[in-house]
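Engineer: What shape does this take:
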Amino acid sequence: MYNFAAGPAVLPAEVIKQVQQELTSYQKSGMSILEISHRSSLFTDLQAAAENDLRRLMRIPTDYDVLFLQGGATLQFTMTALNLAKKSGKIAFVDTGHWSQRAIQEAKLLPKVVPEIIASGKENHFTAIPKVPKITADYDYVHLTVNNTIEGTMYHQLPAALNNQTIVADMSSIILGYDYQVTDFDLIYAGAQKNIGPAGLTVVILKHALLSGIPTLPAMLSYPKQVKKHSALNTPPVFAIYTAGLVFKWLLKQGGVSAMQQQNEIKAQLLYNEIANSSLYRSPVAVADRSLTNIPFVTGSDQLDAEFVADAQAAGLMNLKGHRLVGGMRASLYNAMPLAGVKRLVEFMQQFEMNHGGSRK
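Structural biologist: Here you go, the predicted structure:
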């Protein structure tokens, strides 16, 4: 069975096996990881190791803080605005689809915060990344959704117009899968349930200089207070951080983020080539902006799409149904999806096409 879900998503098989082996007695303590104290050295040591490994993987400089929080990327829509919209109160958004729109909606709910859309892909139905014009207004930061899980687009490089701007990035579905430079961003946040680990953990990486001048906020919503307490203002998501730490070690064994990007490019190109060579399948996404991790495709028939998804599931290819906003199919090829899974999907696509009278180009 191969799991192509967009999230919660596939985890490395050897990580799941290690979790299983250690579950009843973590580090031979006689206690499960599910029940150890977050104040114990068992946890603080594993959290420190997870942070150190993440810093190695992403080459995070010492002037950036790393937080392991809760609430998902969705809470960060609000938290970033509360903390960082502190001068002009204006936030610039690049609208690249559903999740950037959710971030805009949350910012609109906050008093003294003025979200402005400086570029949008709405006219092309979010099938391409919009061009960002030269920025002349005084914004506290620019918000980007770096990879669009639903629409299947991504930033392969940052727009030149954003040079010298404070950039906040939702990197949930591409973090550790593409070798971005942390120093190109001022704050990065990512829900864990795609490329990092199980749901319940949110990683935030932020430049320490951002912490100055932040207004007094409730503790759980305050970056300065979370940094001061090392993400432990309340009980942190112990199991999710533990599993994430195992995934980080697995990634280091694979050769790090650059090696994973190369593998993701191979997997994605294999699937994109199959779509291009088919008379049945079509990708709606502009070639230059296609995601490496979330690949939507359609047959042009809702009935045939539904039949494809059902037959694929019967063949052990799980969770290929596209998001309700775009329909069709979607294959999510995160780091833990093996090349063998993509090859199996391509074989199924070819057989399905033959069974329905398709022809190869």
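Engineer: which residues are contacting stretch 286-294?
Structural biologist: Contacts to stretch 286-294, defined as Cβ atoms under 8 Å, 6 or more residues apart in numbering, come from residues 6, 124, 127-129, 147-150, 152-154, 156, 173-174, 177-178, 194-195, 261, 264-265, 267-268, 272, 283, 285, 330-334. (C-beta placed from N, C-alpha, C; glycine too.)
Engineer: so what's A107 closest to, chain neighbours aside?
Structural biologist: Leaving aside its sequence neighbours, A107 sits nearest to P115 (Cβ to Cβ, 6 or more residues apart in numbering; 4.1 Å).
Engineer: which secondary structure element contains that neighbour?
Structural biologist: Following DSSP states H and E, one finds P115 within strand 114-120.
Engineer: now swap in I91 and tell me
Structural biologist: Element membership for I91, per DSSP H and E: strand 90-95.
Engineer: what's next to that strand, contact-wise?
Structural biologist: Taking Cβ under 8 Å, 6+ apart as the rule, strand 90-95 contacts 81, 85, 100-101, 103-104, 107, 113-122, 130, 132, 135, 137-145, 159, 165.
Engineer: Now do the helix or strand that that strand is followed by: which elements does it pack against?
Structural biologist: Downstream of strand 90-95, the next assigned helix or strand under DSSP H and E is helix 98-108. Using 3 or more Cβ pairs under 8 Å, 6 or more residues apart in numbering; DSSP states H and E as the contact test, the elements touching helix 98-108 are helix 72-84, strand 90-95, strand 114-120, strand 141-145, strand 147-148, strand 167-170.
Engineer: model confidence over the first one, on average?
Structural biologist: Along helix 72-84, the predicted local confidence has a mean pLDDT of 98.
Engineer: ok and it relative to strand 90-95, angle-wise?
Structural biologist: Note on geometry: by axes from the mean of the first three to the mean of the last three Cα atoms, to 10 degrees, helix 72-84 and strand 90-95 are set 150 degrees apart in direction.
Engineer: Specify the angle between helix 72-84 and strand 141-145 in degrees.
Structural biologist: 170 degrees.
Engineer: angle of helix 72-84 against strand 114-120?
Structural biologist: Helix 72-84 and strand 114-120 are oriented at 120 degrees to each other (the same axes, to 10 degrees).
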